[in-house]
Structures are given as C-alpha cells and as structure tokens.
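> requesting a structural model of the entry that follows:
(chains A and B)
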Amino acid sequence: MLYRSHVMVCGGTGCTSSGSDNVATAFVNEIKKAGLDKEVAVIRTGCFGLCELGPVVVIYPEGVFYSKMKPEYVPEIVEEHLLKGRPVTKYLFGETVTEKEIKPLEETTFYKKQMRVALRNCGIIDPEDIEEAIAMGAYEALGKVLATMTPEEVINEMKKSGLRGRGGGGFPTGLKWEFAYKQKETPKYVVCNADEGDPGAFMDRSIMEGDPHSVLEGMAIAGYAIGANHGVIYVRAEYPLAVKRLQIAIKQAREYGLLGENIFGTDFSFDVEIRFGAGAFVCGEETALLNSVMGRRGEPRPRPPYPAVKGLWNKPTIINNVETFANVPVIISNGAEWFSSIGTEKSKGTKVFALTGKVNRTGLIEVPMGTTLREIIFDIGGGIPDGKRFKAVQIGGPSGGCIPEEHLDTMIDYDSLISLGAMMGSGGLVVMDEDTCMVNVAKFFLEFIVDESCGKCAPCRIGTKRMLEILDKITSGKGEPEDIERLEKLATTVKDTALCGLGQTAPNAVLSTLRYFRNEYEAHINQKKCPAGVCQALLSYSIVADKCRGCGLCARNCPVNAISGQLKQPHVINQEACIKCGTCFEKCPFDAIVKQ
Amino acid sequence: MDKVTVTIDGITLEVPSNYTVLQACREAGIDIPTLCYAEGINEIGSCRLCVVEIDGVKNLAASCIYPVQNGMNIRTNTPRVREARRVNLELILSNHDRNCLTCIRNGKCELQDLAERFGITEIEFQGENVNYPLDDASPAIVRNPNKCVLCRRCIAECQEVQNVFAIGAVNRGFDTLVSSPFYVSLNDSPCISCGQCITACPTGALYEKDHIQRVYKALADKRKHVVVQTAPAVRVALGEEFGMPVGSIVTGKMAAALRRLGFDVVFDTDFGADLTIMEEGSELLERLKYGGKLPMITSCSPGWINFCEKYYPDFMENLSTCKSPHMMLGALIKTYYAEKMGWNPEDVFVVSVMPCTAKKVEIERPENVHDGLRDVDAVLTTRELARMIKEAGIDFVNLPDEEFDQPLGMSTGAAVIFGATGGVMEAALRTVSELVEGKPLDKIDFEEVRGLEGVREATVTVDGTDLKLAIVNGTGNARKLLDKIRSGEAEYHFIEIMGCPGGCITGGGQPIHHPNEMAEVRKLRAAAIYQADRNLPLRKSHENPAIKQIYEEYLGHPLSEKSHHLLHTHYSSKPLYRVTR
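Numbering: from 1, shown residues only, chains lettered A, B, ... in the order given. Here you go, the predicted structure:
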C-alpha cells in the first residue's frame, strides 16, 4: 500500500505522558471521516527528541513539525493540511516558521548541532514493523559480517572504531569482546544491559521503543564476534512498552530468519531472550545483573574474575549497554574510520543525552563527543528559562557530579568529565539554575543511593547512610563545622573500598558539590542559611507590615498558631513557634509574606 | 602447582599461583584483619576490612578474594589502608548494639578483638541504629539481629554447607537483615537446629537457648534427683573452654566438675551409645534377614532427623527406629534406675550435656515422651556447662580425674567413637560382625569407615555378605547422597548420617573457634576420640557388662516389647514453613 502522506505521531516517553495517544487516535478518526485512510497513514514512532514541545507530530512529505499537539487541533489539520495541502502554521514549532518558508527541522537550533547515529531511526520508522527497519538498513551489517568478515575482523573493526561502553563505564567495547573471544569455555553469552536506572534517564528506553532492531542486530554481531549463540536482554520491569516492542521485534526477526537457526543461511545461529528486573537500580551493575538473571539476589560480586572470563552461569559473557549495541551495526556498515572521525581523540562517536532540568528545550539529544556543555545547554537547549542564571549541570545521574559555569566550555568526553570530578554516566544531564540548592542536590542523589544500595558491603551499606544523615543535619539547620570533614572522610573511604560501582561512585555528588560549591555548605552550617532559598528549615518566614491587610487568612491556616494579630492590623509570625511549613506563604493573597 | 613472585611490604616471596593476596600475606608473616572471611565457606569480600593497596589497582582491593599475579606489589600498612580499615570498622561498630557487658560473647567476640586491635576509642559516625526484636521462639537457637554485622557467614553455612536454606539476606541497603524467608521466626522456617550458624557467627547475634537456669532450679530443688549424662564429643572439647589445647581428653575432670556442681548422679551417655548399638545392630540384622527397608539409616543425630522429616520424608521408613543414645538413657534413668533407687519418676530430672543444639528440640518431641514423662528434661551445650563451671569458680584444669557413677556410667570404646563421623558405623560393625560370625574380630579398628570427608563409601564383608556402607557428615552432603539414592544411581545397606560437618565433635554446641581453624580443630578432636577409644579396656558394645546386666534384669533382649516402648521412636514429616494466619 503506497500512501501519499505519513502522519508520524511521536510515541516516545515524554510525548506519551503528555497525551500523544489521544492525538494519534484523533488523527486516525478524522482521517477516516475525511475518507483519506487509504491515502494517509498514521504511524506511532519512537522519540523525536524535542520532548519539551510534545506531543510532537511530523507530517511527510513536507516534514513539518507540529508541536504541543492537542486532539482538538486535529480536525483543522486534517482539513487544511492533509486535504488542502496547507500546513497549519499556527500549530507548528515556532522556530521553523519564517515569513518566507517553513524551515526543515535540521536547521532549528535544537537539531542543528545534533548527529543522530544511535537514534538514527527513532521518529522515522514504525518500531513494530520490521520491514521499515530493514528499509532503513537494518540487518545489512549483520549480513556483511556473516558473509564477508571473520570474528577477528569484526573485533578489530570494533577496536579501531574506538567505541566505548555507553552505559557509563566507558570501557573499550572491542577490547571487551576480544577478552571473551579469547576464552575457550562454552557456551558463551551476549547480555544487553537495559536496566537503565538513573532517575529521569530515558535514552535506552527510547532506543528500545523506537528502534529495537538496532539492538538485536548489534547483539547478533557481537555473538558472531565472540562465539556466542545466546543473547539475553535484561530490561527493567518498569518499561513494559520497551518489552513489548522488543518482543514484537524478536518475533518478527525470527520469522524473517534474521534471528534463530542458520541466519542468512550460514551456520551461525543466534537467539535472544528477555529477562525482567524487579525494581533494583543496583541490578544495572553487571555482576548484580548476572546474579539477577540466574535467579539469585541481585548483588554484585567482587572481580576478578570478570564476566568476559566467568560471567553468566560461570561462562564467558559480554555485557553491553543498549546504546552501545545500537552503534554496532552502523559502525560495521559505515566503517570504523567513519565512526572514529567523529568525536575526540579518546572518545569516538556520538552520545545520547537526556537533557532535563532548568533548560528551555528539554528532551533527548544526540551529539558528537567533544561538543561543549555550553553548546548543549545554550544552543541546543535554548538556555535557562525565566531569565534565571545558570548554576551547574549534573552529569551521570546519582553516580555523577556537577559542573559549574567556569567549566561550561569543557568538551564532553569520558576523560575530561572524570578530571572535573563528574562522569559521563549513561547520559543524564540535569541543568540547575540559581534557585537550586547544591547541598540539597547532593542530598537528593544520596537519598537515591541509600535507597538502592544492595547492602552487601559495609562502606556502602552504612557509609552512605551516615553521609546522608550528615546532609540531613546540615539541611535542617543542625550542621556542625566538623561535618564537612566527616563527609569528606566517609566519602574517601566509601569511594576507595566499596565493592561495586554503585558504592564507589556514591560519594561523587557530595564530593563534586563540595568541590565547586563549598560556600553553600558553609552557609548552611555556619550561618544556618540556605543561599538558594530551598532548604525549608533554614528559611524564616516574616510578614511585611506595609503589605499586610490584616485579613487573618494566614493565622487561621497556621497549623501551630504561630501568627498573631488583630483584624485589619498587620500580623506577626512568632519565629520560635514557626515550623516553616510555608502554608501562610502560599495562602497570603497580598504577597505580604517573604521567606529568606 | 605453579608459583608466582609477589612483593608484600617490600618483602619478596614465592607463593602458589592460586593463592589470594591474603594467603600470600600470611606466608609473609602478615595477619590481615578480616571479619566476613571464612576460608572455603564465605569468600564474598563484603566487610572491606582486609583491604590492601596493590600497584596498578585504582581502588583498595579486598585481599581475601583478590588473586595473586606474578610481579604484584602489595602494601598492607599505608596511611590510606589504615584509614580505610578504621573507617569501615567504625561504620560497622556504629550500627551495632555495643552493650558488650551484657552480651553472651563478651570476651569471645571477633568484633571486640578487631576494635581492640585497631585501638578504637570513639565512634565518629553516629546515626540510626537498627533495632529489631529478638527471635527466640525456637527451642534451640536465639537470633539477636542487633548484634549482627552482616558478615553472612551463618548464611554460607546454612545455604552452601548444610543446604537447609533457613536463613538468608532479606531487604536491601541499610535495612538488610539476616532472617528467614517471609520474616518468619527461625522456629517456623526450615531450620533443623544444627547450630552451625552459631559456631560460624563472629558476634553474639546467634546463640543457644539457655537451659542453665532450669538446671540451677532443679539442682536447688531438694525434692528433685538431678541426674546428668555426658555425650562422647563433650569430653574431647570441654577443656578448650579452660585454655587447654584442642583435642585434650578431659573425661575424668568432667565427671569431677559435674559432681562439684551438685548433680546427684553422674552417668555417661556412652552407656546409651552401647545400648543403641545393641538395639540398632539387631534392627539392621533383622532388616537384612527378613527383607526390611534398606538402606537403614542411623537416627542418633536430631539435626539429621529434622532434615529428613522436612526435606526427605520419603526416607523416613529407612531411618532406624532407635532413639538417640541420650534419650534411651534418659528413659532408662526414669524407669529402671528410678525403680532401683526407689524414686518417684516424676522427681527425677535428667540433664544431658551435649555438643549439640538440636537436642534441645529433640527433648520436646512428643514421640520422646514415655508414660507422660519426658525422657530428658534439659540439654546443656558444652559451652553452657563451661559457663556453669566458671561461675562456680571450679578450677577445672587442676581437678583430679573421677569416675562416672554405676551402672549406667560404664561404656566401651565403641561408644566413645560415636562422637566422630564414622563412629556409629564402626561401633555397629564391631558388634554385628562378631555376633553374626560368632567369633572374635581379627581387628577391632575399621579404618575404612573413618575419615573426615563429607561422603565416604565402604564395603565390609560380614559372614560372606558384602555390606555396602556409606558415611555422611553435614546435611549438604546428605542431600548429595540421598539424591543419588532417589535417582537409583546408588544402593547401600547401611548409612550413617550426622547432621554436622565432621560429626558431633564439631556440633553446634561445641566451643567456638574461627571458621578458618575448624579443619584443624576437627582433626584434633577426632584424633582424641579415637585415642579415647584405644584407652578403654573394653571396645565392643556387646562386651559391656552393664549392658548385659540391663538386658538380663530389665529389657529382656534387644527389640523386646519393653525396648520398643522405652528405647524406640517414630517419625512424621514436618512442613518446611509453619505459617499461621
């Protein structure tokens, strides 16, 4: 069936939560009503990336970008655009609309500096139709590998490409495959780590939901390279749509002979099974993941031996992240030289980031390594909203660190970030402005770590908890001068002796905020003040007499009767009794209450 | 075995290539502090106290599990290492119930040793402490989670060694807890009360249910006739609690101490063991002659019985119907002996001193009640007896040797070897062989059934018949053997199964040593057992004159109706979990 027009409705994480399902349904209904259902197709695609402007709809052949879509806009679009050929500019992404023409997406500030390699098919294909993936080149690389390359050649190509693990570890992928390749024991395994646990991260999710075949193909190529016939994808249970898309993809790939016995008629067989997580961040750690797959408690184990030598069921196993696998087919197709021409000297290729926080254009982006943070936040991201000042950007989630303004021109790559006290992590970027309290940020991430610690080793189990208790003290106004020293001592030991990556990177948030924002800690401890005005216990609420009309609303709502005053007279808050709940501040209709 | 060269604190030495850094350091004369490490049993690297600096390794490495490599350069005592170990120990201490003075392991605690070794004088990191209730519902074992340091040694014993899976780690992070699944009490879990967890625990998180108080009460009660009996394995271990070398035989001092404690009569469980051989030997011969259920499996280890009833109820018919020696003796004390002394059986209070914690549960089994009376009223572990002796101020080491009371204190060498794995088998062979062949044994020692390996097989010819025998110690090994029998892979006539690795000599109630020393302890105590056997004038159960006397005067003959009534029992399958709503 050949359609004259395609309506691509984004089905990615952000757009789905802002209601793109209803938009898609509206399109289907209106198109049918208008009798256009044989001419215009409605496709649910993967993530376009500009989540801030979701729900997103892109209509081809024009390639125009409708943003912040609502079902009630759909009839007009069907009438005007689909029937009469006139895109409805008032619903389009503003930046693309100029006097003379509608600019293509690639020229917008959000997309101009991006380079979509791992995300190459997201937003373009219907992820539930293998033929669309194949039309975009899926499984060509696998064919090339099986027909013309030896396992050694594949591994060399991967080593030459310079691809490093995209899950956060940054270990050279080709080298990891080579270790497993050299092992004699069989059977070997290829495991895909799809446990994406960083809060707010959705890079792997988008790839699995938007282009699942890229992952399957990457795994199959890896299997051929190391000598494995069995693949396992470990997906976190909280991603049911990703699981569904993967299951459909696996089924279709098997039907087409692209997975299973004798792929492409060669004697290479490879099949994939899906295993679920159950709500543990620590199971993103490779040895904990393997334990979980084997039905044991999801706890890491000491290394050596490394999984490439003794992994799943004690056999040689490689574990790679979703994004790493998604890069593999395109490296094989376009060549290692092409891939290594992108990026910096030690960090090749591109990286997918989830750009979130206090930034105008939040969403999913992919940029060449070496792009600066300034470019990402201010060019692509459009800067800080509401005219606020940039303060810091957290990279790498709870295991990462924050980068302040003075380092904004750092080129993003694995090593430069580590030298700044942060880390690439899986690619979560949280932008913070002047209203963010950095001590509170450290506390937030440490709370997550304490909740997710597996509890096996003493430094992480108890050390992170003690660190959190100290941060609680500081943010509730009970900090002592020795607390910073205590934090640093604990941080050093936890970082130096924890059994796994979770514990070893747990102190990072604290260490990096101490490095760049020590003054905030000192203000909390010595002056009992929160400079950003966030920590409730350190704020004091007071009534500005000039503005107060004496309506008594605040006094009536105060849970501890701390406000006194006569009707129509300025009221007063008793600071000793005040529990700083902020109710009066919210209730006052005259903005007469200030918090500082 | 290949060797590699490593340098430790500037000292270069060669060590086997399969060594860990910790083992290499030991060779260099450096004792790295550990807490969670139990060689061959629990090697998980979780306490992080054994960390060392290794060139080329970014972070500090846990030496107990890090393998050596040729040319490795290791530093064990740098400021960085000392600070890390201190902080980790302080963290563990900060989440521990530090009331040492009122703790059962006061003076014998690995955490105390570490705190002293590191010179800890203050805990810098104070905060939330776990506060869990005591789990003391089990008649044998008490758990105090607030003393637990989460070393997981108990879990390793229960899961990997004993294959019982009664305890494991539950929850995660700071809330991690050693508990039974679904947070049930140990009493409602698959626990078999073998007590291997207690002997593996470095602190006071696990200990036996106290029977000392009820024994003191009985001793103080003028109306009660308090009779005590002692198991074979106790006499080769009790001395250790008083500083004597491992493997000291203290039979005489033990009897003397018991008298000084005020027990009215001091008998010997070994008599019960000889009796067991008479009954069980006859039972085996009957099954062999008349096609009874084979293989027959011994039944004197209540840990094994619990395991059988819970996990292998299909083997209950194979179990010997004999009670365990101390239960047989208890029953006789309250009938035959009470009659002889003109005592009202209700006024007789029998105390067994055992190397065992499961016996505390055994005495409460309804099957072990005769005529409304418990066979045995209290079980003291070897450790509990030692505490009583210490509290009384008795100078144990310098006590003169005394004899047991008669007639139920006389025993043979066949009885004392019950304490070691293979001992019951050998004792049975000595009697069965001689009785069936009708002539004295050529050699008394059946070396082929001795040894400490977990599963052993032997074939012994008795009167022309080849008897296929198996000897198992540790329930994990029992599983292996029974699974083979279930699948038809193996067949035997007679099997001895002891619940504890090594047999009673390293039972759950014995003096505690570090897990890394247990292999040596087992060897020394076993050697003492066989030495005690050689020291005795009589070495075959059927030669015991007191045994002959009791059959003549009271029981008639083995497997008589009276024997069945007093000395035999039955079994019933038990659920793995008791869940009440």
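
> burial of residue B:46, as a residue count?
29 (other C-beta atoms under 10 Å in any protein chain shown). (C-beta placed from N, C-alpha, C; glycine too.)

> is it fair to say it lies in a strand?
No - assigned with DSSP: H, G, I helix; E, B strand; the rest coil, residue B:46 falls outside any strand and is coil.

> pLDDT wise, what is it at?
Predicted confidence (pLDDT) for residue B:46: 95.

> assess the claim that it and residue B:36 are in contact.
Yes - if you go by C-beta atoms under 8 Å, residue B:46 and residue B:36 touch, sitting 4.9 Å apart.

> domain map for chain A?
A:5-105, A:130-340, A:350-433, A:438-527, A:540-595 (automatic domain parsing).

> for chain B, find the nearest of the ones you listed.
Smallest distance to chain B across the domains of chain A (C-beta to the nearest C-beta): 3.2 Å, for domain A:438-527.

> wait, does the closest one contact chain B?
Yes - judged by C-beta under 8 Å from any C-beta of the partner chain, domain A:438-527 comes into contact with chain B at A:450-459, A:461-463, A:465-466, A:469, A:486, A:489-490, A:492-493, A:495-499, A:504.

> the helices in the stretch 301-450 of chain B, which residues?
Here the stretch 301-450 of chain B has its helices, by DSSP state H, counting those that start in this stretch, at B:302-311, B:325-332, B:338-341, B:358-362, B:382-391, B:413-416, B:423-437.

> TSV for the ones you listed, including mean neighbour count and mean pLDDT?
Listed next are the helices of the stretch 301-450 of chain B as TSV, based on neighbours: other C-beta atoms under 10 Å in any protein chain shown; pLDDT from 0 to 100:
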stretch	mean neighbour count	mean pLDDT
helix B:302-311	25	97
helix B:325-332	28	96
helix B:338-341	14	96
helix B:358-362	28	97
helix B:382-391	20	98
helix B:413-416	30	96
helix B:423-437	24	94
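
> still on that earlier bit, so which of the residues of domain A:438-527 next to chain B sit within helices?
By the criterion of DSSP state H, membership of the residues of domain A:438-527 next to chain B in helices covers A:450-452, A:458, A:465-466, A:469, A:486, A:489-490, A:492-493, A:495-497, A:504.

> of those residues, which is the most crowded?
residue A:458 (30 neighbours).

> near chain B, which residues of the stretch 151-300 of chain A show up?
Close to chain B, as judged by C-beta under 8 Å from any C-beta, the stretch 151-300 of chain A has residues A:280, A:282, A:297.

> host element of the nearest residue to residue B:461 once chain neighbours are set aside?
Ranked by C-beta to C-beta, 6 or more residues apart in numbering or on different chains and with sequence neighbours excluded, the top spatial neighbour of residue B:461 is residue B:467, at 7.3 Å. Residue B:467 is part of strand B:465-473 when elements are defined by DSSP states H and E.

> number of nearby residues for the residue in the stretch 51-200 of chain B that chain A sits nearest to?
Taking C-beta to the nearest C-beta, chain A has its nearest neighbour within the stretch 51-200 of chain B at residue B:176, 3.2 Å off. Using other C-beta under 10 Å, residue B:176 has 20 neighbouring residues.

> what comes up buried for stretch A:379-396?
For stretch A:379-396, the neighbour count (16 or more other C-beta atoms under 10 Å in any protein chain shown) marks A:379-384, A:390-396 as buried.

> who's in contact with the worst-scoring helix or strand of chain B on mean pLDDT?
In chain B, no helix or strand scores lower on mean pLDDT, DSSP states H and E than strand B:369-370, which sits at a mean of 82. Contacts with strand B:369-370, where a contact means C-beta atoms under 8 Å, 6 or more residues apart in numbering or on different chains, come from B:331, B:334-335, B:375, B:565-566.

> filter the residues you listed to the buried ones?
B:331, B:334-335, B:375, B:566.

> most centrally placed residue in the chain?
Picking chain A for this. By C-alpha atoms, centre = their mean, the mean C-alpha position of chain A lies nearest to residue A:201, the distance being 2.3 Å.

> sorry, I should have been clearer: chain B.
Most central in chain B (C-alpha atoms, centre = their mean) works out to residue B:507, at 0.8 Å.

> neighbours of residue 84, just the number please.
Reading this off chain A. Neighbours around residue A:84, by other C-beta under 10 Å: 9.

> that's the wrong chain, I meant chain B
What residue B:84 shows, counting by other C-beta under 10 Å, is a neighbour count of 25.

> need the contact list for the residue nearest to the centre of chain B.
Counting by C-beta under 8 Å, 6+ apart, residue B:507 has contacts B:194-195, B:233, B:354-357, B:500.

> quick one, strands of the stretch 451-581 of chain B?
Assigned by DSSP state E, counting those that start in this stretch, the stretch 451-581 of chain B shows strands spanning B:455-462, B:465-473, B:494-498.

> for those, which one ends up most surrounded?
Burial of the strands of the stretch 451-581 of chain B is given as mean neighbour count (mean count of other C-beta atoms under 10 Å in any protein chain shown); strand B:494-498 ranks first at a mean of 27.

> okay, the angle between it and strand B:455-462?
140 degrees (axes from the mean of the first three to the mean of the last three C-alpha atoms, to 10 degrees).

> tell me which other helices or strands strand B:494-498 touches.
Packing partners of strand B:494-498 (3 or more C-beta pairs under 8 Å, 6 or more residues apart in numbering or on different chains; DSSP states H and E): strand B:296-297, helix B:302-311, helix B:423-437, strand B:465-473, helix B:475-486.

> what sits up against that strand?
So strand B:494-498 is contacted by B:284, B:294-298, B:301, B:303-304, B:318, B:421-422, B:424-425, B:428, B:449, B:467-474, B:478, B:481, B:504 (C-beta under 8 Å, 6+ apart).

> repeat that for stretch A:339-354.
So stretch A:339-354 is in contact with A:115-119, A:160-164, A:166, A:170, A:200-203, A:206-207, A:323, A:327, A:330-331, A:363-370, A:376, A:411-415, A:424, A:427-429, going by C-beta under 8 Å, 6+ apart.

> list only those of those residues flagged as buried.
Counted by 16+ other C-beta under 10 Å, those give A:115-119, A:160-164, A:166, A:170, A:201-203, A:206-207, A:323, A:327, A:330-331, A:363-370, A:376, A:411-414, A:424, A:427-429 as buried.

> sitting in strands, which of the residues you listed do you find?
A:363-368, A:428-429 (DSSP state E).

> need the max-distance pair from the residues you listed.
A:368 and A:428 (18.5 Å; C-beta to C-beta).

> and whichever residue of the stretch 251-400 of chain B sits closest to chain A, how close does it get to residue B:497?
Relative to chain A, the nearest point of the stretch 251-400 of chain B is residue B:311 (19.5 Å; C-beta to the nearest C-beta). Counting by C-beta to C-beta, to the nearest Å, the separation of residue B:311 from residue B:497 is 12 Å.
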